[in-house]
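[1] make a model of this:
(one chain, ligands or ions: 4)
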Amino acid sequence: PLVSGKVLFEKANEYNFAIGAFNFNNMEFLKAILDAAEEEQAPVFIQTTESAIKYAGIEYLAGMVHAVKDKYSIPFALHLDHGKHVETILLAIRHGYTSVMIDYSDKSYEENLKVTKYVVSICAALGISVEAELGKLVSVEDEVVSREEVLVDPEQAKEFVDRTGIDALAPAIGTAHGAFKFKGEPKLDFERLKKVKELTGIALVLHGASGVYEEYVEKINKYGGDIKGAKGVPDEELKKAVELGINKVNTDTDLRLAFISKLRELMALEKKVIDPRKFLKPAMEEVKNIVKKRIRLYGSQGKA
Ligand SMILES: O=C(COP(=O)(O)O)N(O)CCCCOP(=O)(O)O
Ligand SMILES: [Ca+2]
Ligand code: NA
Ligand SMILES: [Zn+2]
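    Ligands and ions are numbered 1, 2, ... in the order given. Got it, this is the predicted structure:
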């Protein structure tokens, strides 16, 4: 059933595991994610960004979730990912979202604090969980920025959590969105993560966490794509982040790579097919497979 993100954050934080937070923009990804979670008997966050809402319309995205919510035995939350505008947060609440992220991490600390407190005051009354972010999602290899400038400051995180009352914090520790996270070796600031957990004690969220698996990158390049140099977070690093206190792992790129690799292969090989279902169904299966794999990596299988 559809539940508040609060119960998911509390349980993951208490039992020291992570819950997958998988992005969807259409029926195929939504069905693949929920079917995978049901088969793994794992709780999940299903989430949409503001650009997903622009792409499909919130009525379609939220409507599909509400239509199927009682078909699944596992507890799952519908989460607004990277809410950059309070208006979007209010729109999501009106459409039955059960968790929201207010992402003011690119604004000043004071501005982030003020708006996050406001969002918490509304959501707390409604039993909706609030996630916020400190620091910037940029790969810290870019010489232009120093680690101190972009990564989370643990002391500041402690004050931010105490003054806002958020349910979960996304601390920037060196990851970045997309398929090109690192130029050289992946570098997550585990010391920094450990400090944030010790000082705040709350549920933590890892953004830009996709693994960007070689098998999908190669298949995409083989069948007409060109994403050479794509690199993600190795499984061992991800596992270490979970051990150090990550409780929600945002995963979008891995699902895109799984889907697109299968789609490109079929588009290249099945020359006589014109029924989209002949391509979309196998592509959905690929998404389901990768979601199951990531659920196991996060340690949330059987934790429904
Ligand atoms: O942290 C993540 C995902 O990280 P990943 O890219 O490593 O999967 N996310 O928050 C997922 C959303 C990324 C951007 O989505 P839009 O293109 O819809 O704006
Ligand atoms: Ca941000
Ligand atoms: Na989020
Ligand atoms: Zn993100």
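[2] in stretch 48-60, which residues are buried?
    Residues 48-50, 52-53, 56, 58 are the ones in stretch 48-60 that count as buried (16 or more other C-beta atoms under 10 Å). C-beta coordinates here come from the backbone N, C-alpha and C atoms, glycine included.
[3] taking the stretch 1-150 of the chain, what residue is nearest to ligand 2?
    With distances taken as C-beta to the ion, the stretch 1-150 of the chain approaches ligand 2 most closely at Ser105, which sits 3.6 Å away.
[4] and that residue, which helix or strand is it part of?
    Element membership of Ser105, judged by DSSP states H and E, is empty: it is in no helix or strand.
[5] state the pLDDT value of it.
    Ser105 is assigned a predicted lDDT (pLDDT) of 96.
[6] Pro186 too?
    Among the per-residue scores, Pro186 holds a pLDDT of 89.
[7] and for it, the neighbour number?
    The local packing count at Pro186 equals 18, with neighbours defined by other C-beta atoms under 10 Å.
[8] that one looks like it's in a helix, true?
    No. Pro186: not assigned to a helix; according to DSSP: H, G, I helix; E, B strand; the rest coil it is coil.
[9] hang on, it packs against Glu237?
    Yes. Under the criterion of C-beta atoms under 8 Å, Pro186 makes contact with Glu237 at 5.9 Å.
[10] that older thread, okay, the buried residues of stretch 48-60 in CSV with pLDDT, secondary structure and distance to ligand 3 next?
    As requested, those are arranged in CSV below (pLDDT from 0 to 100; DSSP: H, G, I helix; E, B strand; the rest coil; distance: C-beta to the ion, whole Å):
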residue, pLDDT, secondary structure, distance to ligand 3
Thr48, 98, strand, 10
Thr49, 98, coil, 8
Glu50, 98, helix, 11
Ala52, 98, helix, 12
Ile53, 98, helix, 14
Ala56, 98, helix, 18
Ile58, 99, helix, 16
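[11] hmm, back to that, residues contacting the residue of the stretch 1-150 of the chain closest to ligand 2?
    Residues touching Ser105, when contacts are defined by C-beta atoms under 8 Å, 6 or more residues apart in numbering, comprise 112, 132-137, 170, 172.
[12] mind running it again at 6 Å?
    Under the criterion of C-beta atoms under 6 Å, 6 or more residues apart in numbering, the neighbours of Ser105 are Glu133.
[13] please report how far it lies from Lys11.
    Taking C-beta to C-beta, to the nearest Å as the criterion, Ser105 is separated from Lys11 by 26 Å.
[14] same question for Gly178.
    According to C-beta to C-beta, Gly178 stands 30 Å off from Lys11.
[15] surely Phe24 is in contact with Leu30?
    Yes. Using C-beta atoms under 6 Å, Phe24 is in contact with Leu30, at 4.4 Å.
[16] can you pull the phi/psi pair for Asn247?
    Recorded main-chain torsions at Asn247 are phi -120, psi -10, according to degrees, to the nearest 10.
[17] helix or strand for the closest residue in space to it that isn't next to it in sequence, which one?
    Take Asn247 and drop its neighbours on the chain: the residue closest to it by C-beta to C-beta, 6 or more residues apart in numbering is Ala12, 3.8 Å away. Assignment of secondary structure by DSSP H and E places Ala12 within helix 5-15.
[18] is that helix anywhere near ligand 3?
    No. Contact of helix 5-15 with ligand 3 is not found when judged by C-beta under 5 Å from the ion; the minimum separation is 9.7 Å.
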